[in-house]
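# based on what follows, work out the 3D shape:
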Amino acid sequence: MAFVAIQFLNGLSYASTLFLMAAGLTLIFGVTRIVNFAHGSFFMLGAMLSAHWLVNWFPAWSDSAWLYGFAMLLGASCAGLAGSIAEFVLLRRLYGVPELYQLVATFGLSLAMHDAMRWVFGPEEVFAPRFPGLKGAIELGGEFFPQYQAVTIVLGPLVWLGLHLLLAHTGFGARLRAATQDRTMLSALGVNPKPLMLGAVVLGCALAGLGGALQLPREPANLQMDMNIVVETFVVVVTGGLGSIGGAFLAALLIGLVHAFGTSLLPEATLVLVFATMGVVLAVRPQGLLGQPLEPMAQELGHRFGWAPRSGRTFSGVCLLLALLMAAAWWAGDYAQSLASDAMILLVLGVSLQAMMALGGLVSFGHAAFFALGAYGAALSHTVWGWSLPGALAAGCLASFVVAVALGGVMVRSAGVYLAMLSLALAQVVWAAASQWVAVTGGDNGLIGLQLVTEETRPVFFFLLVLVSIASIAALRRLSRSTLGAALQAVRDAPERAAASGLQVWRVKVRVLVESATLAGLAGGLFAAHKGAVFPSVASVSTSVDALLVILLGGLHQVWGAVAGAAILVWAAGELGRGFDYWRGALGLLVMGIMVLAPSGLMGLRLPRRRRA
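You can find the predicted model right below:
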């Protein structure tokens with residue numbers, strides 16, 4: 001009984017931190033409609049600043065409860081100030097754009113903020129002292145629960161009450177609610193929505209910073225805090241329902257309790273349980289616990305693919321030119337060969353995602369799941385059964401195909417951000433399984449020593465990569481001009497009218513998802529063969545973001561967009577990473593610039609100005 005009580009209290013304490021993050025993210029989304037993937041960076045900023053005030057700058061503050069709390073509030077205030085700068089520089093330029101661009105642009109912001117904090121604070125962890133006066137523990141039936149965590153349990157309901165009073169009983173709150181429901185009408189009534197949006201971002205980021213500061217007595221401030229917390233925050237927000245603070249409160253309680261009991265009872269499956277909980281909720285209620293139908297967000301224009309010449313002879317000529325460029329990379333040396341191989345594998349992964357997003361409107365933020373299934377399927381078939389490259393690639397495609405068929409019907413019931421987060425949940429489950437199923441996957445040690453490609457067969461494998469890359473682009477071009485492509489675009493733009501016309505909307509969505517997953521599995525198998533090893537990182541968030549960056553940097557609706565995007569991304573990672581420690585921050589700045597200045601991608605810049613407008 002005491003064990004259950006302690007775990008219940010642990011769950012409530014963790015839920016309080018999750019709710020501070022989720023409430024801020026929900027408030028920002030509700031008012032601005034910005035899906036802020038950089039929210040974890042403000043959490044980390046609040047923690048890092050508070051820790052340095054207490055440890056390095058004013059260590060005497062750690063002896064006083066009032067000054068310790070003042071340091072926490074300072075960290076939260078600085079996070080809010082940083083949020084105001086981010087809103088002025090970046091976020092206000094993303095209002096009304098498709099949520100996918102918001103996700104990628106704010107991911108670039110998180111990269112830039114991460115490297116900025118590493119430059120200012122250094123890479124070391126900062127261990128803050130325990131909170132004065134709350135260093136003891138409460139005894140419950142022979143078990144002990146920290147006093148500090150008991151106090152933090154109260155903060156979640158207090159923040160929820162404060163937000164409720166602000167939104168329901170103040171003029172500012174009334175204007176915020178009006179901005180949430182109809183910004184255009186609010187502007188027509190003479191109310192400038194920009195200060196309201198700025199206020200929502202500042203308040204949301206301050207709550208995130210406060211959540212980070214409150215973690216200090218429990219864990220050291222470190223540069224991994226942002227990504228660790230933001231994924232679970234999105235789980236809470238999506239499970240509760242986008243824009244619903246009450247839903248975020250209930251979801252934080254649910255996820256906090258699942259996390260606490262899962263850590264104790266099934267430690268090897270904690271992450272799987274958390275994301276499985278979100279998946280079950282979205283399978284039953286596609287809009288979350290208390291979510292309401294949202295107004296359709298902005299959609300990407302330019303639905304027809306650009307720079308796809310109708311002449312097959314012209315298209316073949318461009319393909320031949322691409323093949324010649326790859327041949328030149330082969331003769332340029334080992335380094336150029338490695339970069340070219342990485343770019344072609346990333347190109348195939350990008351095309352697989354582009355087919356379902358550009359034509360079907362199915363947003364995925366977890367395409368790394370199918371890439372990882374293909375990589376592990378190829379690697380395991382080789383290590384366990386001794387299959388050669390053709391059989392291993394087939395096994396990787398089959399693994400992705402089976403999972404897509406099994407889960408595709410549930411996934412396509414959701415749309416927009418909900419589908420993006422559901423796909424992210426699948427990727428996190430695959431990542432957790434790869435990390436914790438040590439007997440099969442090797443865990444963090446991975447599967448190494450693969451001999452799918454030898455030095456003798458390396459030229460043949462490189463030729464295979466060129467062939468698969470060009471075939472993928474040709475298949476995308478053909479799909480965009482086919483009957484299925486027309487059906488996908490009809491389902492994307494007017495699903496109700498498409499259904500009334502006799503199209504089987506659900507079946508069309510599932511089909512493109514399965515085909516896209518299979519191609520991603522092929523890319524994963526090629527990756528395993530090229531690298532000779534597979535690690536759980538192939539299913540990480542960064543892999544999914546790489547796939548998104550490939551098609552958004554080049555152009556989502558450009559046939560050759562994945563080629564340009566893969567070349568830019570691989571070159572940036574390869575060249576900027578040589579002797580430049582902060583290349584991720586530079587890449588983040590590049591991503592933000594492209595999302596703001598060229599939302600149609602670099603290949604879209606060649607379109608006439610009237611089509612880009």
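
# what about the stretch 251-400 of the chain, any weak spots by pLDDT?
For the stretch 251-400 of the chain, the stretches flagged by pLDDT under 70 are 268-271, 292-312.

# which parts of it are helices?
270-284, 312-331, 334-354, 368-385, 389-411 (DSSP state H, counting those that start in this stretch).

# buried stuff in the third one?
What that stands for is helix 334-354. Using 16 or more other CB atoms under 10 Å as the test for burial, helix 334-354 gives 337, 339-354. For every residue, glycine as well, the C-beta is placed using N, CA and C.

# of the helices of the stretch 251-400 of the chain, which is nearest Leu109?
Within the helices of the stretch 251-400 of the chain, the stretch nearest Leu109 is helix 368-385; the backing value is 20.7 Å (CB to CB).

# and that closest one, what does it pack against?
In terms of contacts (3 or more CB pairs under 8 Å, 6 or more residues apart in numbering; DSSP states H and E), helix 368-385 is packed against helix 389-411, helix 416-436, strand 447-448, helix 505-531, strand 533-534, helix 541-554.

# who does the helix ranked longest in the chain touch, helix- and strand-wise?
Counting by DSSP state H, the longest helix found in the chain is helix 2-32. Judged by 3+ CB pairs under 8 Å, 6+ apart, helix 2-32 is in contact with helix 39-52, strand 137-140, strand 143-146, helix 147-169, helix 171-181, helix 193-214, helix 225-240, helix 245-265.

# picking that back up, of the helices of the stretch 251-400 of the chain, which is nearest Ser542?
Set against Ser542 and scored by CB to CB, these come closest in helix 368-385, at 8.2 Å.

# now the closest one - C-alpha only, CSV.
Presented in CSV, the C-alpha positions along helix 368-385 are these (Å, rounded to 0.1, in the frame of the first residue of the first chain):
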residue,chain,number,x,y,z
ALA,A,368,12.1,7.6,-38.7
ALA,A,369,10.0,4.7,-37.4
PHE,A,370,9.8,3.1,-40.9
PHE,A,371,13.4,4.0,-41.7
ALA,A,372,14.5,2.3,-38.5
LEU,A,373,12.3,-0.8,-39.1
GLY,A,374,13.9,-1.1,-42.5
ALA,A,375,17.4,-0.7,-41.1
TYR,A,376,16.9,-3.2,-38.3
GLY,A,377,15.0,-5.6,-40.5
ALA,A,378,17.9,-5.7,-43.0
ALA,A,379,20.5,-6.0,-40.2
LEU,A,380,18.8,-8.7,-38.3
SER,A,381,18.1,-10.8,-41.4
HIS,A,382,21.8,-10.6,-42.2
THR,A,383,23.2,-11.4,-38.7
VAL,A,384,20.6,-14.0,-37.8
TRP,A,385,19.9,-15.8,-41.1
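
# got the buried residues for that helix?
Using 16+ other CB under 10 Å as the test for burial, helix 368-385 gives 368-383.

# contact partners for Ala572?
Applying CB atoms under 8 Å, 6 or more residues apart in numbering, we find Ala572 in contact with Trp583, Ala586, Leu587, Leu590.

# show the pLDDT at it.
For Ala572, the pLDDT comes out at 74.

# pLDDT below threshold where in the chain?
1, 180-183, 268-271, 292-312, 576-579, 599-601, 603-613.

# switch to 50 and redo it
Within the chain, the ranges that satisfy pLDDT under 50 run 297-303, 307, 309, 607-613.

# ok, His147 touching Pro132?
His isn't right for residue 147; it's Gln. No: the pair Gln147 / Pro132 is not scored as a contact, 11.3 Å apart, by CB atoms under 8 Å.

# on that earlier part again, which one of the helices and strands packed on helix 2-32 has the most crowded surroundings?
Among the helices and strands packed on helix 2-32, judged by mean count of other CB atoms under 10 Å, the one packed with the most neighbours on average is helix 39-52 (a mean of 29).

# which neighbouring elements make contact with that one?
Packing partners of helix 39-52 (3+ CB pairs under 8 Å, 6+ apart): helix 2-32, helix 65-89, helix 99-121, helix 193-214, helix 225-240.

# phi, psi of Cys218?
To be clear, residue 218 is Arg; Cys isn't right here. The phi/psi pair for Arg218 (degrees, to the nearest 10) reads phi -110, psi -30.

# could you report the neighbour count for it?
16 (other CB atoms under 10 Å).

# that one and Gln354: what is the separation?
43 Å (CB to CB, to the nearest Å).

# next: Glu139.
Relative to Gln354, and taking CB to CB, Glu139 is found at 58 Å.

# ok, now Val570?
Distance check for Val570 against Gln354: by CB to CB, it reads 17 Å.

# could you do Asp493 as well?
In terms of CB to CB, Asp493 sits 17 Å off from Gln354.

# ok so, going back, so which of the helices and strands packed on helix 2-32 comes closest to Met595?
Using CB to CB, the helices and strands packed on helix 2-32 put helix 39-52 closest to Met595, at 16.6 Å.

# next, the angle from that closest one to helix 65-89.
140 degrees (axes from the mean of the first three to the mean of the last three CA atoms, to 10 degrees).

# now helix 39-52, how far from the centre of its chain.
Here helix 39-52 shows a centroid-to-chain-centroid distance of 20 Å under the convention CA atoms, centre = their mean, to the nearest Å.

# tell me the angle it makes with helix 225-240.
If you take the same axes, to 10 degrees, helix 39-52 sits at 130 degrees to helix 225-240.

# export helix 39-52 to PDB, keeping only CA atoms.
Output in PDB follows, covering the C-alpha atoms of helix 39-52 (Å, rounded to 0.1, in the frame of the first residue of the first chain):
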ATOM      1  CA  HIS A  39       9.400  25.100 -26.100                       C
ATOM      2  CA  GLY A  40      11.900  22.700 -24.400                       C
ATOM      3  CA  SER A  41      14.700  25.200 -25.000                       C
ATOM      4  CA  PHE A  42      13.000  27.800 -22.800                       C
ATOM      5  CA  PHE A  43      12.600  25.100 -20.100                       C
ATOM      6  CA  MET A  44      16.300  24.400 -20.300                       C
ATOM      7  CA  LEU A  45      17.100  28.200 -20.300                       C
ATOM      8  CA  GLY A  46      15.200  28.700 -17.100                       C
ATOM      9  CA  ALA A  47      17.000  25.800 -15.500                       C
ATOM     10  CA  MET A  48      20.500  26.800 -16.700                       C
ATOM     11  CA  LEU A  49      20.100  30.500 -15.600                       C
ATOM     12  CA  SER A  50      18.700  29.600 -12.200                       C
ATOM     13  CA  ALA A  51      21.400  27.000 -11.600                       C
ATOM     14  CA  HIS A  52      24.200  29.400 -12.500                       C
END
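
# thinking again about what came up before, CSV for the contacts of Ala572, including distance to Val417?
Below are the contacts of Ala572 laid out as CSV (distance: CB to CB, whole Å):
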residue, distance to Val417
Trp583, 29
Ala586, 28
Leu587, 24
Leu590, 24
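
# for these, which single residue is the most surrounded?
Leu587 (21 neighbours).

# next, the angle from the helix or strand harbouring it to helix 541-554.
Counting by DSSP states H and E, the element that carries Leu587 is helix 583-597. If you take the same axes, to 10 degrees, helix 583-597 sits at 40 degrees to helix 541-554.

# check which helices and strands helix 583-597 sits against.
Using 3+ CB pairs under 8 Å, 6+ apart: helix 583-597 touches helix 99-121, helix 541-554.

# so can I have a markdown table of these showing distance to Ile594?
Output for the helices and strands packed on helix 583-597, formatted as a markdown table (distance: least, CB to CB, whole Å):
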| stretch | distance to Ile594 |
| --- | --- |
| helix 99-121 | 9 |
| helix 541-554 | 6 |
